[in-house]
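K.L.:
any chance you could fold what I've pasted below:
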Amino acid sequence: MGRVDVTDKLRVGVIGAGRWAGMAHIPGWKRSSLVDLVVVCDIDREKAQSRAKEFDVPSFETDYEKVLSRNDIDVVDIVTSGDNHEPLTFAALEAGKHVLVEKPVCHDYKDVWRAHALATSKKLKTKVGLTFRYAPAMQYMYDLIQDGFVGQPYIFNGWEQNSQWIDPAGPSRFARADTGNAPIKVGSLEGYGAPTIDISLWVVQSRLTSVVGVLKNFVPKRKNPDGNWVRTNVDDGDIYIGEYENGAICSMQSSYVTVGNYPGIEARVYGSKGALICRLVEEFGECQVLKSATPEAVEFVEVPVPASYFPVGYKKGESWRSLFYANLVHNFAKEITDGGEANQGNFAQSARVQEIINAVERSHRERRWVDLPLDTGVGD
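P.N.:
Purely as a prediction, here's the structure:
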């Protein structure tokens, strides 16, 4: 893909004007010097209009097809409920738009590869809302690993866990229908596990060859929108271990019913020369901490993150939501305007993440180790 003429800014349309769009996506686009946010779209007219007014966006829509048909839009950002991601993503790509979409792109990794193939055929760039790789501390940790700080990676430990939905009275969207005796559905593994899986593949720089895992439902009943208690057999906590091609191993867990603050990410890399721990949790006025240790100095010490890893306008104490997403959207805009092959966190990476999610689910259902790739001839 060639370099985009940057005399004109990229023009962006956001589809979905809910809470996460207002906390992370829209502020991120407004912060980037490379883009103009030109439209906000939501099926709820009042919500779309309110977001447009709040962030000084010149127009709003209630029909996503009108957004996709506009010739003055280069990038579409999809921030809707998860089941709408797949059809909206394919429609946006068919319309010739670069696409940022929240996870998951699709529930089946093969469909994510299809989306990647379509984007590639149209010379479009893609990105998935795997937010936490864009934390300044995580980006710096990656660069330290690339520079050889840990040596050969041996072990990766990763988790995302907090108490977002520990209260059985919420969220009601989890309890729209009684699951009865149906098998457990994937929940936390896909919603919370995906970012740490992404980080693990990124920093270990190797692919998994096998996994074994378990999904658990700890909160068996929740209130539905009518106020009735119903059975909700959804994975709200999970653990798996895995083996990498390069000989490393990992342990991973996710849960949204574990006591702790947001976002609750921790990534630990132990290698032949050193170790790094990146913790992304809002605690004591900070939302990220990076620590390191070596065989000569085994007590972990904090590592300052250089100012160059922070977005323009950063102020100490800023919420992780706007801080991390500002890096994500500006990175995407720069990848598009610079041209070339650079495209981190794209649909190909998301397909690998989704394949691991699908593999862990299979492992749980069949009570065994599952080898990767799941199918030959799929993806790259």
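
K.L.:
show me where the stretch 51-200 of the chain has strands.
P.N.:
With strands called from DSSP state E, counting those that start in this stretch, the stretch 51-200 of the chain shows them at 59-61, 75-78, 98-101, 126-128, 153-161.

K.L.:
D236: which of those strands is closest?
P.N.:
Smallest distance to D236 across those (CB to CB): 10.2 Å, for strand 153-161. Any C-beta I mention is one placed from the backbone N, CA and C, and that applies to glycine too.

K.L.:
buried stuff in the closest one?
P.N.:
153-154, 156-161 (16 or more other CB atoms under 10 Å).

K.L.:
redo the strands of the stretch 51-200 of the chain as CSV? Include mean pLDDT and distance to D380.
P.N.:
Shown next, in CSV, are those (pLDDT from 0 to 100; distance: least, CB to CB, whole Å):
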stretch, mean pLDDT, distance to D380
strand 59-61, 98, 36
strand 75-78, 99, 24
strand 98-101, 99, 19
strand 126-128, 99, 14
strand 153-161, 98, 22
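
K.L.:
and these: which comes nearest D338?
P.N.:
The nearest among the strands of the stretch 51-200 of the chain, by CB to CB, is strand 98-101 at 12.8 Å.

K.L.:
measure the residue of the chain positioned farthest from its centre to L290 for me?
P.N.:
The centre of the chain is farthest from one residue, E296, which by CA atoms, centre = their mean lies 35.4 Å away. Separation of E296 from L290 (CB to CB, to the nearest Å): 19 Å.

K.L.:
report the central residue of the protein.
P.N.:
Geometric middle of the chain (CA atoms, centre = their mean) lands on L130, at 1.9 Å.

K.L.:
residues contacting that residue?
P.N.:
When contacts are counted by CB atoms under 8 Å, 6 or more residues apart in numbering, L130 is found next to 103, 194-195, 198-199, 345, 349-350, 353.

K.L.:
repeat that for 6 Å
P.N.:
195, 198, 345 (CB atoms under 6 Å, 6 or more residues apart in numbering).

K.L.:
again, but for Y192
P.N.:
Contacts for Y192 (CB under 6 Å, 6+ apart) come out as 160, 254, 256.

K.L.:
partner residues bridging the closest residue to it other than its chain neighbours?
P.N.:
Leaving aside its sequence neighbours, Y192 sits nearest to S254 (CB to CB, 6 or more residues apart in numbering; 3.8 Å). Beta-bridge pairing for S254 (DSSP bridges): E160, D238.

K.L.:
mind listing the helices for the stretch 251-380 of the chain?
P.N.:
Taking DSSP state H, counting those that start in this stretch, the helices of the stretch 251-380 of the chain run over residues 320-338, 347-366.

K.L.:
could you check the distance from the nearest residue to G213 once chain neighbours are set aside over to W113?
P.N.:
Setting aside the residues directly before and after it, G213 is nearest to Y240 in space (CB to CB, 6+ apart), at 2.8 Å. Relative to W113, Y240 is positioned 22 Å away (CB to CB).

K.L.:
tell me which of those two has more neighbours.
P.N.:
Y240 (26 against 22; other CB atoms under 10 Å).

K.L.:
in which helix or strand does that one reside?
P.N.:
Y240 belongs to strand 237-244 when assigned by DSSP states H and E.

K.L.:
and that strand, average pLDDT?
P.N.:
Throughout strand 237-244, pLDDT has a mean value of 99.

K.L.:
contacts for it next, please.
P.N.:
Against strand 237-244 from outside (CB under 6 Å, 6+ apart): 188-189, 204, 206, 208-211, 213-216, 218, 249-255, 360.
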